[in-house]
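Undergrad: Mind folding the following:
(chains A and B)
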Amino acid sequence: MSCTPFETLSAYVDHALPDLESASVIGHLQSCHDCRSKLDELRWLKDAVRSSAPTATASDEFKARLATAAAVNRRRRRNARLGTALAGGLAVALAAVLVVLPAVRERRVLAELIGDHVGITVTRDEAFDVASGDPRKLERWFTGKINFALHIPQVPEAKLVGARLCDIGGRHIPLASYELGTRRVSMFVERTDRRARETVCDEQVHGYTVCRRTVGGIEYLFVSDYPAKEAGSILTAALEPDTRP
Amino acid sequence: MTEDELTAAVLANAGRLRRFAAHLCGDFATAEDLVQDGLMRALISRKDLRDSRLVLPWLFSIVRNVFFTERRRLEHRGNIVETKLSLVEAATGNLEAEIVERGFSDEVLRALTALPEEQRTAIMLCDVEGLSYEEISEAMACPMGTVRSRIARGRAQLLSALARPTSAREAGPGVHP
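TA: Predicted coordinates:
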């Protein structure tokens, strides 16, 4: 009778064989010294690996950190959902009231904007249209897809990772994603008729900070979870005159 | 599974997830970050969990994916060695400190780190975490046959690398698994 394959013996040690195959192995082991030796080695090895591992411990501090992170995450997503629902509901209810339409539209746009920031930049559940750290390559990809010449800002100390053309409130708005330290941040870029304005930030936009600045008919919206003061400084620095080689 | 249930499952298994992440990345501080990132991803994609009985393997798979994503990101930056995000590469730096930090025994650690990641992870999930082949196939997103062969190939390599102590030979043969 031929010996039991090593793989079968290994699965036997793990109780992972079907009953029939297991019975066959047991029968063979009764009469095969070599296979019994191999089995013995496998049992020893399994025990050695198990006993070599550290115990599974988690400090109360670590558990508290996890619980806090889960709670913050939930609050942010709930706020984003509520914001979307609220803005959407208001848009329908007040469609005829021209005076408030811009504000409603703005809220809805912001809710969608935050949703895209979370889905594309933070969780990456939605793929980039183009993944690259080269701003010129990203800008080329947008050529012909938007009606203005895109300039992707260099966020100081951040790594550019990709971009996507978002559909926000029926408008096509480029999004550039960056990694800044351990955080992920987004820059939305849109043409606007507004005059130039300095950086303005709002910390309470569905749990995120949105900073805006308008330069040369282009509005830049920087979305992050930095405090407003810090986020504003980052956006301002990013829009300093381009120093690309 | 609700968000509360999922969070509770993560907290109940925080120690195992942390140990598994440490096995992947090489240090417990980074491991805790991986588990936290994994929790965030799990909460967002919890609807992907079809069978709540497989929540632990599913969480292992998410932590592993987070590790790969992070490693790719750091590789692109070219600083993977500095941040110790590879068990094998980190172990080449200050092995003694690494061993003490991780709690793995010296000889077994050396042999384990020499294995390909798929084999090492399959063996760790089986022997250390006590997962069944079905659960490991969920955690590693591969068929059960692949799990079986990865474990067997890894064990064959470990046996050839580890000198088996005499006392184990003297323990005597037996046919029970």
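Undergrad: which residues sit against the longest helix along chain B?
TA: If you go by DSSP state H, chain B has its longest helix at helix B:55-77. If you take C-beta atoms under 8 Å, 6 or more residues apart in numbering or on different chains as the criterion, helix B:55-77 is touched by A:133, A:159, A:179, B:1, B:6, B:9-10, B:13, B:16-17, B:20-21, B:24-25, B:34-35, B:37-38, B:41-42, B:45, B:48-49, B:80, B:83, B:85-86, B:121, B:125, B:129, B:131, B:135-136, B:138-141. For glycine as for every other residue, the C-beta is placed from the backbone atoms N, C-alpha and C.
Undergrad: ditto for stretch B:142-150
TA: Stretch B:142-150 has contacts (C-beta under 8 Å, 6+ apart) with A:7, A:10-11, A:16, B:118-119, B:122-123, B:133-134, B:136-137, B:140.
Undergrad: what two of these have the greatest distance between them?
TA: Spatial extent of those (C-beta to C-beta) is set by the pair B:Gln119 and B:Glu134 at 18.3 Å.
Undergrad: Between these two, which is the more surrounded one?
TA: Using other C-beta atoms under 10 Å in any protein chain shown as the criterion, B:Gln119 and B:Glu134 rank with B:Gln119 on top: 21 against 13.
Undergrad: list the contacts for that one?
TA: Contacts of B:Gln119 (C-beta under 8 Å, 6+ apart): B:150-151, B:153-154, B:157.
Undergrad: before we move on, the earlier item: how distant is the longest helix of chain B from the center of its chain?
TA: The chain centroid and the centroid of helix B:55-77 are separated by 11 Å under C-alpha atoms, centre = their mean, to the nearest Å.
Undergrad: Just the C-alpha atoms of that helix, please, in PDB.
TA: Taking C-alpha atoms only, helix B:55-77 is exported to PDB below (Å, rounded to 0.1, in the frame of the first residue of the first chain):
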ATOM      1  CA  VAL B  55     -17.100  37.500  10.900                       C
ATOM      2  CA  LEU B  56     -13.700  36.800  12.400                       C
ATOM      3  CA  PRO B  57     -12.200  35.400   9.100                       C
ATOM      4  CA  TRP B  58     -13.800  38.300   7.300                       C
ATOM      5  CA  LEU B  59     -12.100  40.700   9.700                       C
ATOM      6  CA  PHE B  60      -8.800  38.900   9.300                       C
ATOM      7  CA  SER B  61      -9.100  39.300   5.500                       C
ATOM      8  CA  ILE B  62      -9.800  43.100   5.900                       C
ATOM      9  CA  VAL B  63      -6.800  43.600   8.200                       C
ATOM     10  CA  ARG B  64      -4.700  41.700   5.700                       C
ATOM     11  CA  ASN B  65      -6.000  43.800   2.800                       C
ATOM     12  CA  VAL B  66      -5.300  47.000   4.800                       C
ATOM     13  CA  PHE B  67      -1.800  45.800   5.400                       C
ATOM     14  CA  PHE B  68      -1.200  45.100   1.600                       C
ATOM     15  CA  THR B  69      -2.600  48.500   0.700                       C
ATOM     16  CA  GLU B  70      -0.400  50.200   3.300                       C
ATOM     17  CA  ARG B  71       2.600  48.300   2.200                       C
ATOM     18  CA  ARG B  72       2.100  49.200  -1.400                       C
ATOM     19  CA  ARG B  73       1.700  52.800  -0.500                       C
ATOM     20  CA  LEU B  74       4.900  52.700   1.600                       C
ATOM     21  CA  GLU B  75       6.800  50.800  -1.100                       C
ATOM     22  CA  HIS B  76       6.000  53.600  -3.500                       C
ATOM     23  CA  ARG B  77       7.500  56.000  -1.100                       C
END
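Undergrad: tell me the mean pLDDT over it?
TA: In this model, helix B:55-77 has a mean pLDDT of 84.
Undergrad: ok, and for it, which residues are buried?
TA: For helix B:55-77, the neighbour count (16 or more other C-beta atoms under 10 Å in any protein chain shown) marks B:55-64, B:66-67, B:70-71, B:74 as buried.
Undergrad: is any part of stretch A:117-125 close to chain B?
TA: Yes. Using C-beta under 8 Å from any C-beta of the partner chain, we find that stretch A:117-125 touches chain B at A:123, A:125.
Undergrad: What does the pLDDT read for residue 1?
TA: In the absence of a named chain, chain A is used. 60.
Undergrad: other chain: chain B
TA: On pLDDT, B:Met1 comes in at 83.
Undergrad: nearest residue to it other than its sequence neighbours?
TA: B:Ser52 (4.9 Å; C-beta to C-beta, 6 or more residues apart in numbering or on different chains).
Undergrad: tally of neighbours for that neighbour?
TA: Neighbourhood size, B:Ser52 [other C-beta under 10 Å]: 12.
Undergrad: Surely it touches B:Thr2?
TA: No. Assessed by C-beta atoms under 8 Å, B:Ser52 is found out of contact with B:Thr2, at 10.1 Å.
Undergrad: Point out where chain B drops to low pLDDT.
TA: Scanning chain B for pLDDT under 70 picks out B:74-105, B:163-177.
Undergrad: what's next to stretch A:212-221, contact-wise?
TA: A:113, A:148, A:151, A:153, A:187-201, A:210-211, A:222, A:235-236, A:238-239.
Undergrad: is chain B contacted by stretch A:18-26?
TA: Yes. For stretch A:18-26, a contact with chain B is found by C-beta under 8 Å from any C-beta, at A:22, A:26.
Undergrad: For chain A, just list every one of the helices.
TA: A:6-13, A:19-31, A:33-52, A:60-93, A:101-116, A:135-142, A:228-238.
Undergrad: Could you say which of those helices is packed most deeply?
TA: Most buried of those, by mean neighbour count (mean count of other C-beta atoms under 10 Å in any protein chain shown): helix A:6-13, with a mean of 22.
Undergrad: from the contacts of stretch B:142-150, which is closest to A:Val122?
TA: For these, the nearest to A:Val122 is B:Met140 (25.8 Å; C-beta to C-beta).
Undergrad: hang on, isn't the closest one packed against B:Thr121?
TA: Yes. The pair formed by B:Met140 and B:Thr121 meets the contact definition of C-beta under 8 Å, at 6.5 Å.
Undergrad: Comparing these two, which shows the higher neighbour count?
TA: Taking other C-beta under 10 Å, B:Met140 and B:Thr121 do not tie; B:Thr121 has more neighbours (23 against 20).
Undergrad: check contacts around that one.
TA: B:23-24, B:64, B:140.
Undergrad: one more time with 6 Å, if that's ok
TA: For B:Thr121, the contact set (C-beta atoms under 6 Å, 6 or more residues apart in numbering or on different chains) is empty.
Undergrad: helix or strand for it, which one?
TA: B:Thr121 belongs to helix B:117-123 when assigned by DSSP states H and E.
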